[in-house]
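> here is my input; please provide its structure:
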Amino acid sequence: MTGRCTGAFFLLAFVCYGIGSSLAGQFAGTALVVLNSVMVAAIGVLVFRALRRPHPVAAWTYLVARSAEAFLLTAGIVLRDSVGAGAADIAYQTAMLSLGLGSLPLFLALNRRGWLPGWLAIWGFAGYVLLATGSAAELMGAGVGIVLAIPGGLFEIVFGLLLLVRGFAPSTAVQPSAALDGASSAAGDSRVSRAALAAGLGLLLMAVLAGLANFGVVERLVSTDAAETTTQLLANERAFTLAVVALFAVACLDVLVAWALRAFFADTHRTVSLLSAWFRTVYAVVFAVAITHLIAAAGLLRDGAATDQISPSVYAQITEFEEIWSLGLIVFGVHLLLIGWLAWRSPAVPAWVAVLVAIAGAGYLADSIGALVSAAYTIEVAAVTFVGEVVLIVWLLVFAARSRSHRRSRVDGPGARPAQLGAA
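Here you go, the predicted model:
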């Protein structure tokens, strides 16, 4: 039944967006695009329910990708009316890039479970690779997105019809018995290790993307003068657009990391770990809303108006981005404080790691609240305290590597002594 509902939403969403986009600027068109976004998010939820136990990484990735697509398609309608076609196009292409990349783990998982014929899984994988490639090309100024989207669009129709008829076919894979000695303990160790690895890799990728996008592009090009900022952005328009996309990817990764950390600390304190995940998820949503203002600024640059005409609007959008992001960092600081408390309570995490993470959270709170209280606040505490986040990344990756080595030693020989996982 879950598969049949997913198939129905695939087909209905395809129709709604096709008709709605052709009625752009009319109330009916806007309503159909919003309805499409609702169904896109529902597809993500349904697939997540079907796959979260056998393939949690694919399930979470697809859920976040579909949610990001729904958010961006709706934002594109708002931006088209308030800013112009350039911003709407950037939002749409970013949504398709999210859909294309986020769907790849799904079809690998469906093929592995035997829920799709092999040829159809390959078609879906290849179709979404082409979709992501075309969207990236469009964002960089090459007009090939429509051609490369055709295989993926045809696949969605076939996939939707197949699901509508038969749903997700039950897996024929034999599951290992939980009655084996040590099976439940090994499963628990594996879950915690996978969560640590996912969180560590996600945080590492976020650090790279955010560093390149924010410090390498946005802060380098934005100054205190509106005209100079617009001139710099126009001269580096492609780099600025890609930086905006990278920052949105960071917001998506924030959600994945939030729930990976929740899984890692679930045994320490279930309620607080859940609360910390929701705080970071709320921060990610606030960050995504802030990024829509950067999308608006990039759209104004793409529309090609004279520099003196768009300078005030571009600078205003960038200022809005910075102000909303600063508010979001208050929520992020609370999240890090909760993670620090969980790390302190966890028998696996060293106390000094917990303290550094909590200090990092306090730094974000100090900077964001200080800027709200006084316009004269210029201290950047987080520029020093962020070290706690770096330490957490390294520790999680080391923990995951040692956990894997520990499990291998238990399999290779019963006499192998367990490693001290919390010693890192």
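
> what's Thr6 in contact with, if anything?
The neighbours of Thr6, taking C-beta atoms under 8 Å, 6 or more residues apart in numbering as the test, are Ile43, Leu46, Val47, Ala50, Leu163, Phe168. In short, each C-beta sits where N, CA and C put it, glycine included.

> contacts only, for the residue lying closest to the last one once chain neighbours are set aside.
For Phe168, ignoring the flanking residues on the chain, the nearest one in space by C-beta to C-beta, 6 or more residues apart in numbering is Gly3 at 3.5 Å. Gly3 makes contact with Ala50, Trp115, Leu163, Arg166, Gly167, Phe168, Ala169 under the criterion C-beta under 8 Å, 6+ apart.

> relative to Gly211, which of the contacts of Thr6 is nearest.
Comparing those against Gly211 with C-beta to C-beta places Val47 closest, at 32.1 Å.

> quick check: domain ranges of this structure?
2-166, 192-409 (automatic domain parsing).

> dump these into TSV; add mean pLDDT as well.
Output for those, formatted as TSV (pLDDT from 0 to 100):
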stretch	mean pLDDT
domain 2-166	89
domain 192-409	91
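
> hang on, the earlier thing: tell me which of the contacts of Thr6 fall in helices.
Ile43, Leu46, Val47, Ala50, Leu163 (DSSP state H).

> tally of neighbours for the closest residue in space to the fourth one that isn't next to it in sequence?
In other words, Ala50. Closest residue in space to Ala50, ignoring its immediate chain neighbours: Thr2 at 5.1 Å, by C-beta to C-beta, 6+ apart. Using other C-beta atoms under 10 Å, the number of residues around Thr2 comes to 15.

> which of the residues in the helix or strand the residue nearest to Phe168 falls within are buried?
Under the criterion of DSSP states H and E, Gly3 resides in helix 2-22. Neighbour-count burial for helix 2-22 flags 3, 5-14, 16-17, 20-21 (criterion: 16 or more other C-beta atoms under 10 Å).

> ok, which pair from those residues is furthest apart?
Checking these with C-beta to C-beta, the most distant pair is Gly3 and Ser21, at 27.2 Å.

> list the contacts of the nearest residue to Ala199 once chain neighbours are set aside.
In space, and not counting its chain neighbours, Ala199 is closest to Ala260: 3.9 Å by C-beta to C-beta, 6+ apart. Shown in contact with Ala260 (C-beta under 8 Å, 6+ apart): Ala195, Ala196, Ala198, Ala199, Gly202.

> likewise Gly84?
Counting by C-beta under 8 Å, 6+ apart, Gly84 touches Gly299, Leu300, Asp303.

> go on, Ala258?
Ser276, Ala277, Trp278, Phe279, Arg280, Thr281, Ala284, His335.

> tell me the one among those residues nearest to Gly124.
Using C-beta to C-beta, Ala284 comes nearest to Gly124 of the contacts of Ala258, at 27.1 Å.

> what about Thr268, distance to Ser276?
11 Å (C-beta to C-beta, to the nearest Å).

> counting neighbours, go ahead and name the busier of the two.
Taking Thr268 and Ser276 together and counting by other C-beta under 10 Å, Ser276 has the greater number of neighbours (24 against 17).

> packing partners for the helix or strand encompassing that one?
Using DSSP H and E, the element containing Ser276 is helix 270-303. Judged by 3 or more C-beta pairs under 8 Å, 6 or more residues apart in numbering; DSSP states H and E, helix 270-303 is in contact with helix 56-82, helix 85-113, helix 226-235, helix 237-265, helix 307-345.

> between the second one and helix 2-22, how many degrees?
Pointing back at helix 85-113 there. Taking axes from the mean of the first three to the mean of the last three C-alpha atoms, to 10 degrees, one finds helix 85-113 and helix 2-22 inclined to each other by 160 degrees.
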